[in-house]
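Enquirer: Structure of the sequence below:
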Amino acid sequence: MKFAVLVFPGSNCDIDCYKAVEETLGEPVDYVWHTATDLSAYDCILVPGGFSYGDYLRCGAISRFAPVMSEVAKAAEQGKYILGICNGFQILTEAGLLPGALLRNTSMKFRCHDTVLKVANNRTPFTTDFSENEEIVIPIAHGEGNYYCDEETLARLQENNQIVFTYSSNPNGSVLDIAGICNERGNVVGMMPHPERAVNSLLGSEDGKRMFTSILKAWRDTHGAASVR
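Expert: Residues are numbered from 1 along each chain as shown. Now for the predicted structure:
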């Protein structure tokens with residue numbers, strides 16, 4: 001399985017994502033610049049956190065026009081796995097690959113600390129190594145993590161089981177404590193917490209590691225490959 005980690009001007013979690021794949025899975029992984037126009041070689045695309053284009057206008061509002069985002073949309077349509085983390089989640093909503101928007105935290109402060117999440121949907125390709133309703137520890141680092149959508153969209157998210165993670169203690173004001181969602185097909189996930197920062201006990205938690213092992217298992221099941229080591 002081959003992973004791509006997108007890099008925009010202002011990305012700062014790209015190395016974290018790269019190392020998480022490299023050290024957790026040992027699978028091939030490349031940095032891919034925002035000007036790339038071909039992602040056909042990759043099975044999973046990670047859209048990392050940071051402050052792409054300085055978060056001018058709105059978080060992710062400029063990045064969504066980068067050439068590589070057309071390829072991300074194509075990959076999503078093809079059923080490839082797309083994971084947007086923090087600023088990556090913001091970019092995916094701006095690009096229309098996920099519904100809703102990320103607003104300023106209700107505290108109007110940048111929040112950077114561990115959070116306890118509940119796994120609301122463990123049937124996505126990203127969450128099968130978790131138990132349903134399991135509580136996990138994943139850190140956050142954001143100023144605009146307040147997930148918002150209108151009532152109609154929220155009803156669809158609930159009906160289609162698209163709410164993947166919720167906060168046990170809401171740090172930002174997100175509607176229904178939402179920390180992460182997926183598209184209807186389940187192959188695109190966006191989340192504000194950082195699983196790539198929780199893959200080793202030295203970092204305070206290993207709970208994020210299972211997101212990456214889940215992705216690899218899902219891909220291998222689809223391709224008839226051997227199970228995760």
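Enquirer: Only C-alpha atoms from now on, for both contacts and neighbour counts.
Expert: Fine.
Enquirer: all strands for this protein, in order.
Expert: 3-7, 29-33, 44-47, 81-85, 101-103, 111-119, 135-142, 146-148, 163-167, 178-182, 188-191 (DSSP state E).
Enquirer: Let me have those in a markdown table, extended by mean neighbour count.
Expert: What follows is the strands of the chain, written out as a markdown table (neighbours: other C-alpha atoms under 10 Å):
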| stretch | mean neighbour count |
| --- | --- |
| strand 3-7 | 25 |
| strand 29-33 | 17 |
| strand 44-47 | 26 |
| strand 81-85 | 25 |
| strand 101-103 | 21 |
| strand 111-119 | 18 |
| strand 135-142 | 21 |
| strand 146-148 | 22 |
| strand 163-167 | 25 |
| strand 178-182 | 26 |
| strand 188-191 | 27 |
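Enquirer: got CSV for the ones you listed, with distance to residue 60 too?
Expert: Output for the strands of the chain, formatted as CSV (distance: least, C-alpha to C-alpha, whole Å):
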stretch, distance to residue 60
strand 3-7, 13
strand 29-33, 16
strand 44-47, 11
strand 81-85, 11
strand 101-103, 10
strand 111-119, 18
strand 135-142, 13
strand 146-148, 14
strand 163-167, 21
strand 178-182, 16
strand 188-191, 13
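Enquirer: Take those strands and lay them out in a markdown table including distance to residue 73 and mean pLDDT.
Expert: Formatted as a markdown table, those follow (distance: least, C-alpha to C-alpha, whole Å; pLDDT from 0 to 100):
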| stretch | distance to residue 73 | mean pLDDT |
| --- | --- | --- |
| strand 3-7 | 13 | 98 |
| strand 29-33 | 15 | 98 |
| strand 44-47 | 11 | 98 |
| strand 81-85 | 9 | 98 |
| strand 101-103 | 18 | 98 |
| strand 111-119 | 26 | 98 |
| strand 135-142 | 25 | 98 |
| strand 146-148 | 21 | 98 |
| strand 163-167 | 21 | 98 |
| strand 178-182 | 14 | 98 |
| strand 188-191 | 10 | 98 |
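Enquirer: Let me know which of those strands is the nearest to residue 211.
Expert: Closest approach to residue 211 among the strands of the chain is made by strand 81-85 (10.0 Å; C-alpha to C-alpha).
Enquirer: Now do that closest one against strand 135-142, angle only.
Expert: 60 degrees (axes from the mean of the first three to the mean of the last three C-alpha atoms, to 10 degrees).
Enquirer: what's stretch 179-191 in contact with?
Expert: Residues from elsewhere that reach stretch 179-191 (C-alpha atoms under 8 Å, 6 or more residues apart in numbering): 76, 79-86, 88-90, 92, 97-99, 117, 124-126, 147, 160, 162-167, 192-193.
Enquirer: where does the chain have low pLDDT?
Expert: The chain contains residues with pLDDT under 70 at 226-229.
Enquirer: switch to 80 and redo it
Expert: Applying pLDDT under 80 to the chain flags residues 225-229.
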